[in-house]
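Colleague: Dropping a prediction and its sequence here:
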Amino acid sequence: MYQTKQIHYKAIFKQDHDQHKIEYKAKGLFHQDQKTSLDFDTPEGHIQISYDDQEVYLQHGNSLLKFHKEKPFWNQYQLPYGSVALKTKLLKFQNNQDSMKMKYELYDQQGLISTVYIMITMKAYCLVDEHENI
């Protein structure tokens, strides 16, 4: 089943003592089947999050991170200047029809790069006709 949703996406990236936050509000498409997915567009590119019982995929533009719910997973992550090997470790993943919470760590060959928190809320998307002021 496909549903149009109003998405509020917030991500916090913690690296050493620095913190960076991004936030988007957009119209998106939520789909539940054997694999559940959420798609929406931002000024920086398309975001898709999909998941099933074992794995979570986070795609932003051409860059894709894969997470296994039970163990760390090595990825070839695409950057503008080439690909880099990154290990993902999923620490928390909670979801329902109205929200999604995700916490993970990113590692390179030398160790921990950052801890990331993603929080998404989804509301039914209502199309309001401004001319119908009754």
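Modeller: Nice, thanks for sending it over.
Colleague: Can you find the helix or strand in the chain with the smallest mean pLDDT?
Modeller: strand 73-79 (a mean of 90; mean pLDDT, DSSP states H and E).
Colleague: distance between that strand and the chain's centre?
Modeller: 15 Å (Cα atoms, centre = their mean, to the nearest Å).
Colleague: Using PDB, write out every CA atom in that strand.
Modeller: Output in PDB follows, covering the C-alpha atoms of strand 73-79 (Å, rounded to 0.1, in the frame of the first residue of the first chain):
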ATOM      1  CA  PHE A  73      28.400  -4.300   7.700                       C
ATOM      2  CA  TRP A  74      31.100  -3.000   5.400                       C
ATOM      3  CA  ASN A  75      29.900  -0.700   2.500                       C
ATOM      4  CA  GLN A  76      31.500   1.000  -0.500                       C
ATOM      5  CA  TYR A  77      30.100   4.500   0.100                       C
ATOM      6  CA  GLN A  78      30.100   6.800  -2.900                       C
ATOM      7  CA  LEU A  79      31.400  10.300  -2.400                       C
END
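Colleague: Show me the shaky parts of this protein.
Modeller: The chain contains residues with pLDDT under 70 at 127-134.
Colleague: Which parts of the chain are helices?
Modeller: With helices called from DSSP state H, the chain shows none.
Colleague: so how many other residues sit close to the nearest residue to residue 87 once chain neighbours are set aside?
Modeller: Sequence neighbours aside, residue 107 is the residue nearest to residue 87 in space, at 4.1 Å (criterion: Cβ to Cβ, 6 or more residues apart in numbering). Every residue, glycine included, has its C-beta placed from N, CA and C. By the measure other Cβ atoms under 10 Å, the count of residues near residue 107 is 16.
Colleague: didn't residue 107 look like it was pressed against residue 113?
Modeller: Yes: applying Cβ atoms under 8 Å as the test, residue 107 and residue 113 come out as touching, 6.2 Å apart.
Colleague: Identify the contacts common to the two.
Modeller: residue 86 (Cβ atoms under 8 Å, 6 or more residues apart in numbering).
Colleague: my read: residue 34 touches residue 52, true?
Modeller: Yes: counting by Cβ under 8 Å, residue 52 is a contact partner of residue 34 at 6.6 Å.
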